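**Q** Sequence first, predicted coordinates after that:
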Amino acid sequence: RKEVEQDPGPFNVPEGATVAFNCTYSNSASQSFFWYRQDCRKEPKLLMSVYSSGNEDGRFTAQLNRASQYISLLIRDSKLSDSATYLCVVNIAGSSASKIIFGSGTRLSIRP
Amino acid sequence: EPEVTQTPSHQVTQMGQEVILRCVPISNHLYFYWYRQILGQKVEFLVSFYNNEISEKSEIFDDQFSVERPDGSNFTLKIRSTKLEDSAMYFCASSPSPPPPLHFGNGTRLTVT
């Protein structure tokens, strides 16, 4: 089983739609979780951290389900500028928090 | 806002040659990382570095690779005897104590011919 697994997509949704991505991780002792976005041929950039109680940042909501070992990202009122690849990132336990693993990413395309 | 900087932005080398990719992490960060991304594929962890030593490395990071922090500011990735399959974008990242989140540089695109 992959350490971090995501639906690759692509998701193609109209502007204004709500879209949700899931990500599963295999190591139950994983400590911290993040969503990054990556634009084509650019570096990954932090979108938001994911906290146990769930957290929201504007149109973006992240949830963590430790029992089922998945995290989710919800994007409301999607904008054209949200088109990107969304990367699920997990800090694998068992070290000094220094092995940070990326999922393969979910591609999102917002159409006008 | 402080940035991680990487040089060069694009490196072309012949198979079998050695390359050194350079990174200047954010100045007050203590954890440093190298990742690579083959075109169209996922971002893959290579190595993490803390307190002047490797703290974690992946199975990709074999004897062909080495990292060094030669002075107080640079963090380098050396690839010896490059192979065609080493062609990829290499990202350096740093994080404060304790990590994460990671702050990435713009990457170095390595092309091995």
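**A** Received, thanks.
**Q** Who does the residue nearest the centre of chain B form a beta bridge with?
**A** The centroid of chain B falls nearest to B:Trp34 when counting by Cα atoms, centre = their mean (3.3 Å). Beta bridges link B:Trp34 to B:Val47, B:Cys92, judged by DSSP bridges.
**Q** A:Met48 touches A:Phe60, doesn't it?
**A** Yes. Counting by Cβ atoms under 8 Å, A:Phe60 is a contact partner of A:Met48 at 5.9 Å. (C-beta placed from N, C-alpha, C; glycine too.)
**Q** Surely the residue nearest to the centre of chain B and B:Tyr90 touch.
**A** Yes. With contact defined as Cβ under 8 Å, B:Trp34 counts as touching B:Tyr90 (6.5 Å).
**Q** How about residues contacting the helix-or-strand element of chain A with minimal mean pLDDT?
**A** Lowest on mean pLDDT, DSSP states H and E among the helices and strands of chain A sits strand A:100-102, with a mean of 90. With contact meaning Cβ atoms under 8 Å, 6 or more residues apart in numbering or on different chains, strand A:100-102 is reached by A:3-4, A:36, A:44, A:87-92, B:33, B:35, B:42-45, B:48, B:99-100, B:102.
**Q** Just checking: what are the partner strands of that strand?
**A** With DSSP bridges as the test, strand A:100-102 pairs up with strand A:84-91 (antiparallel).
**Q** Go ahead and name everything in contact with the strand it pairs with.
**A** A:3-4, A:6, A:21, A:23, A:25, A:27, A:30-40, A:44, A:47, A:71, A:73, A:97, A:99-103, A:105-108, B:43, B:99-100, B:102.
**Q** just stretch A:4-15 next, same as before
**A** A:19, A:21-26, A:78-80, A:86-90, A:101-112.
**Q** of the residues you listed, buried ones?
**A** Buried residues within the contacts of stretch A:4-15, counting neighbours by 16 or more other Cβ atoms under 10 Å in any protein chain shown: A:19, A:21-25, A:78, A:86-90, A:101-108, A:110.
**Q** Which residues does B:Leu77 form beta bridges with?
**A** B:Leu21, B:Val67.
**Q** Below-threshold pLDDT in chain B: ranges please.
**A** Scanning chain B for pLDDT under 70 picks out the ranges B:98-100.
**Q** what residues does it put near chain A?
**A** Residues of chain B that fall close to chain A, judged by Cβ under 8 Å from any Cβ of the partner chain: B:31, B:33, B:35, B:41-45, B:48, B:50, B:55-56, B:89, B:91, B:98-107.
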